[in-house]
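In: quick one: sequence plus predicted model below, questions after.
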Amino acid sequence: MILDCANVVLAYSNALPDHSRVKEYLVLHKPQTLKEIFSKVNGYIDLERLHESRKQGQPSTTTINKPRQGPPSTPTALIAPISQETVSHKRPHNDNNVDARRKKPKPIQRRQPRLSYKALLPVRYWKRSVYAPYAASTSTRRILRASLEEIEVVLFTMVGDLITKNKISPKSIDILTINCSAFCPIPSITAMIINKFGFRSNVMSFNLTGMGCSAGLLSISLARDLLKVHNNSLALVLSLECLTHNGYSGQVKSMLLTNTLFRMGGSAVLLSNQRRDKHKAKYTLQHLVRTNMSYDDQAYRCVFQEPDDDCFVGVSLSRKLLKVAPYALRINMGSLGPLVLPYSEQFRYVWSNICQKIWPQTLPKGKGRYIPDFKKAFKHFCIHAGGRAVIDAVENNLDLCEEDIEPSRMTLYQFGNTSSSSIWYSLCYLEAKGRVKKGDRVWQISLGSGFKCNSAVWKCVRDLNPGVKSAWSDCIHRYPIEVPDIILN
């Protein structure tokens, strides 16, 4: 059966006339499916043509011919709308939010002709609010170009609107930081922004890659530290993820999950320590705590990029993630708690630990250490929308109610996992609902590969207008809704 399929493939792709050599090649590699046959035969043909071209003295670049027809490709990346945040920074230790704005671009494509493996996708992600990237209908040999176009759609739109809305000149930006984990072109993404908008030659630019979904607050931390030593400065922080370049084409379920769960999005944050920006401030950054668990092998490999058995590179999401994430959060809470919790909650937590170590028999059966009530320190919670299971794990560990995690659940339902920018979509949801008032404190929790857990505490310094245009403007009236476990086609 395999040899008959090989003959069909050879006739269909107009391959080499010597079928017997290809048959021997297939028998040696033993492909089991039609897709594997196409892959093996195409690889064999390219090697043969490369060998022949070198014999004839032709340059090797001519050995790549037109794309061959074959079975449909696997799911590619998905696009969601864009979010914008404008924040100002006040020296020495407080960050003030000047303006918050999110923008949703026009749909690029609503059709996804290359989606396959429908048996592995019981949830309908694409019909509700998903936008397919350019690579959804282009050859894999144009992935780099499509990835650059995807970056331009997000960043150029965000930065242009941010500059226009706040009436600032690109040359007034002193610090530029960008985090994009899976895509690192040459020149860098920061160079793309500087070239497009004409930033100054002495702008301090930083491009963070490979830092995962928690990189958004890492960029905020870097910009904050730089503003502490550079007076009267503006810092622009951009967070996004390029999915086109990181699409997985194999058949491993743990890697295919990223193709459906992740969607493209972005946020722009403007930090300032200039006194004239104080009256524009929306939030003050009070605390930022970072936790890195890369020292632990289990945490290090729970989100891991590697090739599968067929040499397709993808990001694997391990089931151990559901154990690692709560543990990382508890460590982070241990550092953040003394900074924000009232003394009564701190005393109860310490006393619970003492009783558990000295008199464990006095504790009620099935009850562990006391969980501090963080709702006494924060009014709102913006949890990384990494997935339903991740949100549930954080909810259980913090003993939160459904209203507390509503922003994260609705963000995941409407926009999917937008990686490092998801916490800003959640904050945008709260603002669009008119829930954030002057004096409220917001806790942003970001989780990412490594494994890392980062926390940021923002204090609202003025009442916000819920009618400001944002990524939620055209759909906020429909939320909240009850999200079913499975959405059937």
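Out: Thanks, I have the structure now.
In: mind jotting down where the helices sit in this protein?
Out: Remark: helices assigned in the chain by DSSP state H are 2-13, 19-29, 34-55, 126-129, 143-166, 189-197, 215-229, 253-261, 297-300, 321-340, 343-358, 388-398, 402-415, 422-432.
In: how long is stretch 206-214 from one end to the other?
Out: For stretch 206-214, the first-to-last residue distance is 16 Å (C-alpha to C-alpha, to the nearest Å).
In: rewinding a little: can you lay out the helices of the chain as TSV showing mean pLDDT, mean neighbour count and distance to residue 175?
Out: All C-beta spots, glycine's among them, are computed from the backbone N, C-alpha and C. TSV is the format used below for the helices of the chain (pLDDT from 0 to 100; neighbours: other C-beta atoms under 10 Å; distance: least, C-beta to C-beta, whole Å):
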stretch	mean pLDDT	mean neighbour count	distance to residue 175
helix 2-13	37	14	52
helix 19-29	54	14	53
helix 34-55	53	16	46
helix 126-129	47	14	33
helix 143-166	90	19	14
helix 189-197	96	19	11
helix 215-229	96	22	5
helix 253-261	89	19	31
helix 297-300	95	15	31
helix 321-340	95	18	25
helix 343-358	86	13	36
helix 388-398	93	18	31
helix 402-415	95	22	28
helix 422-432	96	27	19
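In: possible to save these as a markdown table with distance to residue 289?
Out: Formatted as a markdown table, the helices of the chain follow (distance: least, C-beta to C-beta, whole Å):
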| stretch | distance to residue 289 |
| --- | --- |
| helix 2-13 | 56 |
| helix 19-29 | 51 |
| helix 34-55 | 47 |
| helix 126-129 | 33 |
| helix 143-166 | 27 |
| helix 189-197 | 26 |
| helix 215-229 | 9 |
| helix 253-261 | 27 |
| helix 297-300 | 17 |
| helix 321-340 | 5 |
| helix 343-358 | 16 |
| helix 388-398 | 15 |
| helix 402-415 | 19 |
| helix 422-432 | 14 |
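In: residue 459 is nearest to which of those helices?
Out: Distance to residue 459, taken as C-beta to C-beta, is lowest for helix 321-340 among the helices of the chain, at 10.5 Å.
In: which residues does that closest one contact?
Out: With contact meaning C-beta atoms under 8 Å, 6 or more residues apart in numbering, helix 321-340 is reached by 286-287, 289-291, 293, 296, 298-299, 302-303, 345-346, 349, 372, 374, 377-378, 386, 389-390, 393-394, 396-398, 441, 445, 447, 451-455, 457.
In: let's see it at 6 Å
Out: Contact partners of helix 321-340, identified using C-beta atoms under 6 Å, 6 or more residues apart in numbering, comprise 287, 289, 291, 293, 299, 302, 372, 377, 389-390, 393, 397, 447, 451, 453, 455.
In: which two of those residues have the greatest separation?
Out: Largest pairwise distance in the contacts of helix 321-340, by C-beta to C-beta, is 28.5 Å, between 302 and 377.
In: the more surrounded of the two?
Out: The neighbour count for residue 302 versus residue 377, taken as other C-beta atoms under 10 Å, is higher for residue 302 (23 against 17).
In: quick check: the gap between the residue lying closest to residue 397 once chain neighbours are set aside and residue 389.
Out: Nearest-residue entry for residue 397: residue 326, 4.7 Å, with adjacent residues in sequence omitted and distances by C-beta to C-beta, 6 or more residues apart in numbering. Per C-beta to C-beta, to the nearest Å, residue 326 is found 11 Å from residue 389.
In: likewise residue 293?
Out: Residue 293 sits 18 Å away from residue 389, going by C-beta to C-beta.
In: now the stretch 51-200 of the chain, which segments are flagged as low pLDDT?
Out: Along the stretch 51-200 of the chain, the parts satisfying pLDDT under 70 run over 51-141.
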